[in-house]
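Trainee: task: produce atomic coordinates for the following.
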Amino acid sequence: MTVVKSNLPEPALRITGAALQETLIDLLGLSLIGKQAHWNIVGPRFRSIHLQLDEVVAAARSYADDVAERAAALGVPPDGRPETVAAAHSLPGPKEGWVKDVDVVQLMVEALDTAIRRLRERIEQTEKADPVTQDMLIGITAELEKQRWMFEAENHQPDER
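Mentor: Residues are numbered from 1 along each chain as shown. Reported below is the predicted structural model:
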């Protein structure tokens, strides 16, 4: 059943629909990773990292909604069902139980790195297929790169002089 007809040609719609669905899965997964780490972080930097995780989760959830609505607007039904996310998700995630603050920082850098790398691939894929979706993906990438930078800065040790 087609509820919304897209004005994109079929090949462009296939490319764009796949890019949006894959991005949706990564964003939903990233929000779950962030919340799991948020609930289980321990260590001296608990509070600052705990709050930073909330920012990542809020951004990932908001962008997931934008991505799903873009897909729907193009006539591609977004699939964010738990079983779909579980089957397709492949970002690095936290181990079970309590996680040290330093390990949370490293985990988030790695998860964000992976999501950003994938987004950059999709930016290239959608360049000709759908510049509007490409623009959305560029904005998401910019925010995730900012979040990655903030976590990476947590690992930085100033030079001793």
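Trainee: just the strands in the protein please.
Mentor: 41-42, 99-100 (DSSP state E).
Trainee: partners of the last one in the sheet?
Mentor: As defined by DSSP bridges, the strand partners of strand 99-100 come to strand 41-42 (parallel).
Trainee: could you give the mean pLDDT of the partner strand?
Mentor: Taken as a whole, strand 41-42 carries a mean pLDDT of 96.
Trainee: equivalent analysis for stretch 121-136, please.
Mentor: 98.
Trainee: stretch 50-60 too?
Mentor: On average, stretch 50-60 scores 97.
Trainee: pull out the buried positions in that stretch.
Mentor: 52, 53, 56, 57, 59, 60 (16 or more other CB atoms under 10 Å). No exception for glycine: its C-beta is placed from N, CA and C like everyone else's.
Trainee: also stretch 42-51?
Mentor: Buried residues in stretch 42-51 (16+ other CB under 10 Å): 45, 49.
Trainee: contacts for that stretch?
Mentor: 38, 41, 98, 99, 100, 101, 102, 104, 105, 154 (CB atoms under 8 Å, 6 or more residues apart in numbering).
Trainee: from memory the fourth one sits against residue 41, does it?
Mentor: Which is residue 99. Yes: assessed by CB atoms under 8 Å, residue 99 is found in contact with residue 41 at 5.8 Å.
Trainee: so what's the most centrally placed residue in the chain up against?
Mentor: Closest to where the C-alpha atoms of the chain average out (CA atoms, centre = their mean) is residue 27, at 3.2 Å. Applying CB under 8 Å, 6+ apart, we find residue 27 in contact with 60, 61, 63, 64, 67, 115, 140.
Trainee: switch to 10 Å and redo it
Mentor: 59-68, 80, 85, 91, 115, 119, 140, 144 (CB atoms under 10 Å, 6 or more residues apart in numbering).
Trainee: just the buried ones from these?
Mentor: 59-61, 63-64, 66-68, 85, 91, 115, 119, 140, 144.
Trainee: that older thread, quick one: which of the contacts of stretch 42-51 is most hemmed in?
Mentor: The residue in those with the most neighbours, by other CB atoms under 10 Å, is residue 104 (28 neighbours).
Trainee: quick one: contacts for that residue?
Mentor: Taking CB under 10 Å, 6+ apart as the test, what residue 104 contacts is 33-34, 36-38, 40-43, 45-46, 49-50, 52-53, 94, 151, 154.
Trainee: of the residues you listed, which belong to helices?
Mentor: Within the contacts of residue 104, residues falling in helices by DSSP state H are 33-34, 36-38, 40, 46, 49-50, 52-53, 151, 154.
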